[in-house]
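Visitor: Sharing a model that was predicted from the sequence below.
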Amino acid sequence: MTDDGSLDTPPDDGHVERHVALMSRIPKLSAFTPAELVVLAQDATERTLPPGVDIYVEGAVAESFAIVVSGTITKRGMRNKQPLGPDTVVGTLPLLRRAEYLRRRTASLLTLTDVVLLDVPYAGLDRLLPERKEAFLDGVAEEALTLIEKLEHPE
């Protein structure tokens, strides 16, 4: 168990294949080739969090992005607790066309239910071609704008 109450799942022989399968469901990752997804999946880890735990703290610099595998999360401080569920990519603020360091800053996110996250270290992105990495970060930032809009102005 880690300091935040999460349980890290130790890798097993099939973890890379399982993580590639999870990542291949994500539209923002569909531009990556299967070989590139393997690069990202090699260092990915799953973690389980109980309800009421901060996934990220506002303004912190993330060393990884995460994919919600199961459960629901929301932006901390939301009155209506609009949920975000599986296949949501989190871990970066929508700071388009800014320094990578700034794009890795986070918004406060809170678990609403038991949550399983797939944490994917940015180090894997560093091993890919720079233009692939930049395109991915821009895409995730654009998606984050949409998520924040959804959270703050539900229909």
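Guide: Noted; the coordinates are in hand.
Visitor: Wait, Val116 touches Ile55, no?
Guide: No: proximity of Val116 to Ile55 does not meet the contact threshold set by Cβ atoms under 8 Å, at 11.6 Å. All C-beta spots, glycine's among them, are computed from the backbone N, C-alpha and C.
Visitor: Compare those two (neighbour count), which wins?
Guide: Between Val116 and Ile55, counted using other Cβ atoms under 10 Å, the more crowded position is Ile55 (24 against 19).
Visitor: The more buried one and Gly85, how far apart?
Guide: 14 Å (Cβ to Cβ, to the nearest Å).
Visitor: Need the residues touching each of the two.
Guide: Listed as contacting both Ile55 and Gly85 by Cβ atoms under 8 Å, 6 or more residues apart in numbering are Ile73.
Visitor: Neighbours of the closest residue to Ala62 other than its chain neighbours, how many?
Guide: Excluding its sequence neighbours, the residue lying closest to Ala62 (Cβ to Cβ, 6 or more residues apart in numbering) is Gly91, at 4.5 Å. Neighbour count for Gly91, taken as other Cβ under 10 Å: 24.
Visitor: Test for you: state the pLDDT assigned to Gly91.
Guide: For Gly91, the model assigns a pLDDT of 74.
Visitor: Then Ala135?
Guide: Looking at Ala135, its pLDDT reads 72.
Visitor: what about it, how many neighbours?
Guide: Neighbour count for Ala135, taken as other Cβ under 10 Å: 15.
Visitor: Next, it: phi, psi?
Guide: phi -60, psi -40 (degrees, to the nearest 10).
Visitor: got the contact list for the spatially most central residue of the chain?
Guide: The residue lying closest to the centre of the chain (Cα atoms, centre = their mean) is Ala66, at 2.1 Å. By Cβ under 8 Å, 6+ apart, Ala66 lies in contact with Ile55, Val89, Val90, Gly91, Leu117, Leu118, Asp119, Val120.
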